[in-house]
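Q: attaching a predicted model along with its sequence, questions to come.
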Amino acid sequence: MKLLVINGPNLNMLGIREKHLYGTQTYEDLKAFIAEKARELGVEVEIFQSNHEGVIVDKIQAAYQQVDGIVINPAAYTHTSVAILDALKAVNIPCAEVHLTDVTKRESFRQISYAGMACEAHFIGLGFEGYARAMEYFAKK
Ligand code: DQA
């Protein structure tokens, strides 16, 4: 089984950005956490991060018929990007949405998730653990 983990803008700033929300662990720590979980589950994983909407759309398109599942935290693009939603629908790859923080309890502009509309599972507000749960979800499927 091959999984693609996609992280959106500013997630590369983990450990620096708004520590009261996102904690002190870095993006390198997140990558190591995901890689370790993949080893534990015996799945192949590619971890990708971009600050650019179109680059994320390109990555989703390139995954067509190449991966068994996508774990995506589109970050701020969650709440704005119909293009990412359309790309996820276009490739028709099973998809799980992850957010480190509980976006349902944050600002009103974070209450809509476009990408989430294409996702069959949602792991929200669980910190790094959300990525592990999403990977387990696909491994058990
Ligand atoms: C986030 C939540 C988004 O609203 C925010 O723009 C992010 C991170 C999260 O993981 O909690 O950048 O996706």
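A: Yes, it's here.
Q: what are the buried residues along the longest helix anywhere in the chain?
A: In the chain, taking DSSP state H as the definition, the longest helix is helix 27-41. Neighbour-count burial for helix 27-41, counted by 16 or more other C-beta atoms under 10 Å, picks out 27, 30-31, 33-34, 37-38, 41. For every residue, glycine as well, the C-beta is placed using N, CA and C.
Q: again with stretch 103-120
A: Residues of stretch 103-120 classed as buried: 103, 110, 113-116, 118-119 (neighbour count, 16+ other C-beta under 10 Å).
Q: please save the CA atoms from the longest helix of the chain in CSV.
A: Coordinates of each C-alpha in helix 27-41 appear next as CSV, following Å, rounded to 0.1, in the frame of the first residue of the first chain:
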residue,chain,number,x,y,z
TYR,A,27,8.0,20.0,10.5
GLU,A,28,11.0,17.7,10.6
ASP,A,29,9.5,16.1,13.7
LEU,A,30,6.2,15.7,11.9
LYS,A,31,8.0,14.0,8.9
ALA,A,32,9.8,11.7,11.3
PHE,A,33,6.6,10.8,13.1
ILE,A,34,4.8,10.0,9.8
ALA,A,35,7.7,7.9,8.5
GLU,A,36,7.9,6.0,11.8
LYS,A,37,4.1,5.3,11.7
ALA,A,38,4.5,4.1,8.1
ARG,A,39,7.2,1.6,9.1
GLU,A,40,5.0,0.4,12.0
LEU,A,41,2.1,-0.2,9.6
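Q: one step back: of the buried residues of helix 27-41, closest to the ligand?
A: Distances from the ligand to the buried residues of helix 27-41, taken as C-beta to the nearest ligand atom, are shortest for Leu30 (10.3 Å).
Q: report how many residues lie close to Gly69.
A: Other residues lying near Gly69 total 24 when counted by other C-beta atoms under 10 Å.
Q: can you list the residues of this protein near the ligand?
A: By C-beta under 6 Å from any ligand atom, the residues of the chain that approach the ligand are 10, 73, 75-76, 78, 99-101, 103, 110.
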